[in-house]
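**Student:** Coordinates only, no sequence provided:
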Ligand SMILES: Cc1cc2nc3c(=O)[nH]c(=O)nc-3n(C[C@H](O)[C@H](O)[C@H](O)COP(=O)(O)OP(=O)(O)OC[C@H]3O[C@@H](n4cnc5c(N)ncnc54)[C@H](O)[C@@H]3O)c2cc1C
Ligand code: FES
Ligand code: FES
C-alpha cells in the first residue's frame, strides 16, 4: 500500500515548522512518530497536501521533572522512553503502569506520547492518563504559546482543539497535592490490540486523605470519558472499601460502552467497575502497609 | 541515479518532486532519489533489492518488516524512506559477517525457530535489538521484546528458545551462567 502523494518538509526549527503549517493552511499535517498517521495515509483515511515532519526539531525529546514536581513530556518523547524512565517509575504511577501497555514494543520505539494525545483515538491510552492527572497540552502557534487542559483538548473521536498552524510542544502534568498514587489497567485481547476497556486512576494522598482524584475510561465511549463524579466521590476523605465501591459504581455508570467484537456493553461496564475498584484497593492496601 | 520509486509504482511524471537521500544500509552508504511517500520497506525491498525484509500485514501489526533504525527496532512499513536520510538502517542481510552467521541466526537454525520463515527476519531483528541491550535476558524478557512480531507457524516456543540460545552464545565463556541448565 502506498500513501497518496504529498509535499514533504522536515524543518529544523519550531519557527520554520509553524511557518510551513501556516503556508499549508488546513492542508498540512504534522508527522511525529507516524505510528497512527502513516497507517492512515496508507489506508487513505487521510490525504494531506503536506507533511511537516517534526522529528528533526531540536529540544522536544525531553522528559523532565521541575523542582515543584511538575512533569514535562516533550513532543518527541517516545513511548519507549517513558516506559524506561526512572523518573516516571519513581514519581508517576499512573503513567508508569500504562507505559508497557501502549501498542507493542516496536511501535513504542517510534510513537510519541504527545502524538498519541493529539491523535485523540477514543481507544488511546495516554489521553486517559492525562485526563486522570489533570494534565495539559502546551501548543505553540504563530501567536505564541498556550496551555490547554487535557479535558478540553479532545473534542471528539480523532479531533482536537489545535488550530491548523499550532504544534503541541509538550504535555504537562501538574505536581501532586501530596503523594501521587494511581494505576492503569487495560483489558486487551492480545498485545498490540487496542483496549476492550481500560481505566486510568490518579489519586493524590496527604496522610490518608484524598486531596485530588481523577478517573478516566478508555474504549467505552465515543471519546475518552472523564469519570468526574466517580473521582469527586473520593476527594476529602480517606480511601475506604465503601468509598471505593461507590467510586467504582459511579465509574461504571459514566461508561457508555457499545457491544462489538471486543465484548458486550454490559461486560465492558463490568470491567470498568472491577478495574476501578482493583486499582483503588491496591492503593488503599499499600497505604495501610506503609502506615 | 535512478528514481527508486519508479521501480515500485507507475513512473512519476516530471512534476512529481523527488528527494535525494543517503542512508547507511548495513554499513554502506546508499544514495537514491525517491518520492517522499516511498516507505522504507519498499525502498529496501524493491529499490535496494534487500528482500530479506518482508512485508506481511502492511498495517503495522505483524512486525515481519522490522529493521534496526539507528540500532532500535522499527516497522519499516510504517516509516517513510526519506525519514531515514542521514541515518543507519540494518536489515537481516546485515546480520551475518564474513566469518559466519550471527548467533541469533545460528540460534534459529539450532532450535528450529522457524517453519515457513516469513516472520523470521523481523523476529531476528527484534531479537538482535534486545540482545544488544540486554545480553542475558530471561524468557519473559524475550517474550516481551518479541510481542510486536507475529508468527503464524511455530507457536513461539522455539523462537524464544532460539533467542535464549543466542544469548548464551553471545555471553561467551566468561559470563556467569544465569540458569541452572546453563552451567
Ligand atoms: C499496531 C499498533 C497498535 C497500537 N496500539 C495502541 C494502544 O494500545 N494504545 C494507544 O494508545 N495507542 C496505540 N497505537 C497508536 C500509537 O500509540 C501511536 O504512536 C500514537 O497514537 C500516535 O503517536 P505518533 O507519535 O506515532 O503520531 P503520528 O502518527 O505521527 O500522528 C498522529 C496524529 O497526531 C498529530 N500530531 C502528532 N504529533 C503532534 C504534535 N506534536 N502537535 C500536533 N499534532 C500532532 C498528527 O498530525 C496526526 O494527526 C497503536 C499503533 C499501532 C500501529
Ligand atoms: S508489514 Fe510492517 S508490520 Fe506487518
Ligand atoms: S515461521 Fe511461519 S510465520 Fe513464523
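**Tutor:** In hand now; what should we look at? Since the model is a prediction, treat every value here as computed from it, not as a measurement. Ligands and ions are numbered 1, 2, ... in the order given.

**Student:** how's chain B carved up into domains?
**Tutor:** Following automatic domain parsing, one finds the domains of chain B at B:2-94, B:103-171.

**Student:** Need the pLDDT of the spatially closest residue to residue B:52 that is not a sequence neighbour.
**Tutor:** Once flanking residues are discounted, residue B:52 sits nearest to residue B:92: 4.0 Å by Cβ to Cβ, 6 or more residues apart in numbering or on different chains. In short, each C-beta sits where N, CA and C put it, glycine included. With respect to pLDDT, residue B:92 has a value of 98.

**Student:** For whichever residue of chain B sits closest to ligand 1, which non-adjacent residue is spatially closest?
**Tutor:** As assessed by Cβ to the nearest ligand atom, ligand 1 sits closest to residue B:60 within chain B, at 3.5 Å. Here the nearest residue to residue B:60 in space, its sequence neighbours aside, is residue B:78; by Cβ to Cβ, 6+ apart that works out to 4.6 Å.

**Student:** got a list of what that neighbour touches?
**Tutor:** Listed by Cβ atoms under 8 Å, 6 or more residues apart in numbering or on different chains, the contact set of residue B:78 reads A:34, A:35, A:38, A:39, A:107, A:110, B:39, B:60, B:65.

**Student:** Repeat that for residue A:245.
**Tutor:** Taking Cβ under 8 Å, 6+ apart, we find residue A:245 in contact with residue A:277.

**Student:** doesn't residue B:142 fall inside a helix?
**Tutor:** Yes: assessed by DSSP: H, G, I helix; E, B strand; the rest coil, residue B:142 belongs to a helix.

**Student:** The residue of chain B closest to ligand 1 contacts residue A:35, correct?
**Tutor:** Yes: between residue B:60 and residue A:35 there is a contact under Cβ atoms under 8 Å: 6.5 Å.

**Student:** any common contacting residues for those two?
**Tutor:** Counting by Cβ under 8 Å, 6+ apart, the residues touching both residue B:60 and residue A:35 are A:107, B:78.

**Student:** Which pLDDT value belongs to the spatially most central residue of chain B?
**Tutor:** Closest to where the C-alpha atoms of chain B average out (Cα atoms, centre = their mean) is residue B:67, at 3.0 Å. As predicted, residue B:67 sits at a pLDDT of 98.

**Student:** Export the domains of chain B as JSON lines, with columns for distance to ligand 2.
**Tutor:** Output for these, formatted as JSON lines (distance: least, Cβ to the nearest ligand atom, whole Å):
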{"stretch": "domain B:2-94", "distance to ligand 2": "3"}
{"stretch": "domain B:103-171", "distance to ligand 2": "8"}
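
**Student:** Out of these, flag the one nearest residue A:8.
**Tutor:** Among the domains of chain B, domain B:2-94 comes nearest to residue A:8, with 3.4 Å by Cβ to Cβ.

**Student:** Just the mean pLDDT for the helix or strand where residue A:280 lies, thanks.
**Tutor:** In this assignment (DSSP states H and E), residue A:280 forms part of helix A:265-290. Helix A:265-290 shows a mean pLDDT of 94.

**Student:** so how far is it from its chain's centroid?
**Tutor:** The chain centroid and the centroid of helix A:265-290 are separated by 20 Å under Cα atoms, centre = their mean, to the nearest Å.

**Student:** Who are the packing partners of that helix?
**Tutor:** In terms of contacts (3 or more Cβ pairs under 8 Å, 6 or more residues apart in numbering or on different chains; DSSP states H and E), helix A:265-290 is packed against strand A:179-187, strand A:197-206, helix A:241-254.

**Student:** mind listing the helices in chain B by residue range?
**Tutor:** B:40-42, B:103-110, B:120-133, B:139-145, B:157-171 (DSSP state H).

**Student:** Redo these as TSV? Include mean pLDDT, mean neighbour count and distance to ligand 1.
**Tutor:** Shown next, in TSV, are the helices of chain B (pLDDT from 0 to 100; neighbours: other Cβ atoms under 10 Å in any protein chain shown; distance: least, Cβ to the nearest ligand atom, whole Å):
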stretch	mean pLDDT	mean neighbour count	distance to ligand 1
helix B:40-42	98	25	14
helix B:103-110	98	21	24
helix B:120-133	98	24	13
helix B:139-145	97	16	15
helix B:157-171	96	21	19
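
**Student:** Save these as a markdown table, and put in distance to residue B:51 too.
**Tutor:** Formatted as a markdown table, the helices of chain B follow (distance: least, Cβ to Cβ, whole Å):
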| stretch | distance to residue B:51 |
| --- | --- |
| helix B:40-42 | 11 |
| helix B:103-110 | 17 |
| helix B:120-133 | 9 |
| helix B:139-145 | 25 |
| helix B:157-171 | 21 |
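
**Student:** Among those helices, which comes closest to residue A:87?
**Tutor:** For these, the distance to residue A:87 is smallest for helix B:120-133, at 19.2 Å, taking Cβ to Cβ.

**Student:** tell me the angle of that closest one relative to helix B:157-171?
**Tutor:** Between the axes of helix B:120-133 and helix B:157-171, defined by axes from the mean of the first three to the mean of the last three Cα atoms, to 10 degrees, the angle is 40 degrees.
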